[in-house]
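Pasting a predicted model and its sequence here:
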Amino acid sequence: MDRNELCLQIKDAVNHFQFNGKPVRYERYGNGHINDTFKVTTEKGGVFTDYIVQRVNTDIFTDPNMLMNNIKLVTDYIRGQIAANGGDAQREVMQVIPTDANQLYYTDVNGSAWRAYLFVVDSVCLDAPRNTDDLEKSARAFGQFASTLAGFDAEKLGEPIPRFHDTPNRFANLMTAYNTDKCGRASEVKELIDFAKEREQFTYALQNSGVPLRVTHNDTKLNNILLDKDSYEALCVIDLDTIMPGYSANDFGDMIRFSANTAKEDEADLDKVQVNLELYEACVRGYIEGTGGGLTEQELWTLPIGAKMMTFECGMRFLTDYLEGDTYFRTAYDKHNLVRCLNQFKLLSELEKCDEQIKNIIQKYITE
């Protein structure tokens, strides 16, 4: 969609929500790659109010009704918990703005799905931590998110992306791609396939752990936390598109995958790929403190499994995409996905080497 067409669509969409006043300004907002996001300002009687308005990418999120129902169920539950604890629901949870037809999203004449949220005032996001404290605060916010939703029945939620963290299925997809070899790349990745095969039984570790299904966020990046612009304390978790039933270790594991790696996800020099145990511990400390007893001890002991599992899963997804012709992940050069896979498999190997040290870290914070 070109810029002019999108501008026409946003001009139409903003007139179909229950805003406080008339829209007077809108502008592109943030740097997300999935949905088209705008900050919209309305005016009524000299009072200006800001909102976030998004065009949902229905190529990825094919059922916007289920998507928005998930978000409404979860945010309403969190709002109730905040009210019970005397918190500030205007800043500590996302607020969905209904359409003028009292729906959770608006469908325009082109079939595009639009949604709106109240903008959280005096808030900021960080794309990268300025220091270890920022990382710990992020982990604490996601831990608190898990704890707050511990009493919510996760099975009420649909799966916006079916089998998203079904690691055995990711393994099966990889083997299919390898055996099909439609791009003639299988011969160059045999060692990586052998690496994956050696860990096939591990893919069932969380499924066989006996821990309960929880509401999981599934995109636990630092920039999915809103922070107070002055104190930089965490306010609320945002970007709830991928909330669905899962294991708490999945969310923790994804934090580790990109936070405790000493190199970027696509670093080709594998000597640079190591586990930063100081950052790992900051994530453990923040996450466990954030859960505040809302998760079981058994779940907390699965956190290191989640770190390895998410790293393994991501590596398999990169390798599957490489074998299938780079059709899913955006690539910058011919073997970009192969490099990403090598990076993640190297990180997994380093995590495995640190098993005993990581066990001691977990023990330290579980017993405090």
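Received it, and whenever you're ready, just let me know what you need. Numbering: from 1, shown residues only.

Checking the residue nearest in space to the middle of the chain next. Helix, strand or coil?
By CA atoms, centre = their mean, the chain has its centre lying nearest to residue 219, at 0.7 Å. Following DSSP: H, G, I helix; E, B strand; the rest coil, residue 219 is assigned to coil.

Residue 365 against residue 286, yeah?
No: using CB atoms under 8 Å, residue 365 is not in contact with residue 286, being 9.6 Å away. C-betas here are computed from N, CA, C, even on glycine.

okay, the two: which has more neighbours?
Legend: neighbour count by other CB atoms under 10 Å for residue 365 and residue 286, higher for residue 286 (26 against 16).

confidence score at the more buried one?
Confidence at residue 286, expressed as pLDDT, is 96.

Quick one: residues contacting it.
135-141, 143 (CB atoms under 8 Å, 6 or more residues apart in numbering).

gap between the two ends of stretch 228-241?
End-to-end distance for stretch 228-241, by CA to CA, to the nearest Å: 22 Å.

Make a markdown table out of the contacts of residue 286 and add distance to residue 23.
Shown next, in a markdown table, are the contacts of residue 286 (distance: CB to CB, whole Å):
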| residue | distance to residue 23 |
| --- | --- |
| 135 | 37 |
| 136 | 39 |
| 137 | 34 |
| 138 | 33 |
| 139 | 37 |
| 140 | 36 |
| 141 | 31 |
| 143 | 37 |
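
Any regions of the stretch 251-368 of the chain where pLDDT drops low?
368 (pLDDT under 70).

any idea where the helices of it begin and end?
277-291, 297-301, 303-323, 336-353, 355-366 (DSSP state H, counting those that start in this stretch).

What of the stretch 1-150 of the chain?
Using DSSP H, counting those that start in this stretch, helices in the stretch 1-150 of the chain cover 3-13, 64-84, 89-92, 132-148.

These into CSV, with extra columns for mean pLDDT, mean neighbour count and distance to residue 46?
CSV is the format used below for the helices of the stretch 1-150 of the chain (pLDDT from 0 to 100; neighbours: other CB atoms under 10 Å; distance: least, CB to CB, whole Å):
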stretch, mean pLDDT, mean neighbour count, distance to residue 46
helix 3-13, 76, 14, 23
helix 64-84, 96, 17, 29
helix 89-92, 91, 16, 20
helix 132-148, 94, 23, 35
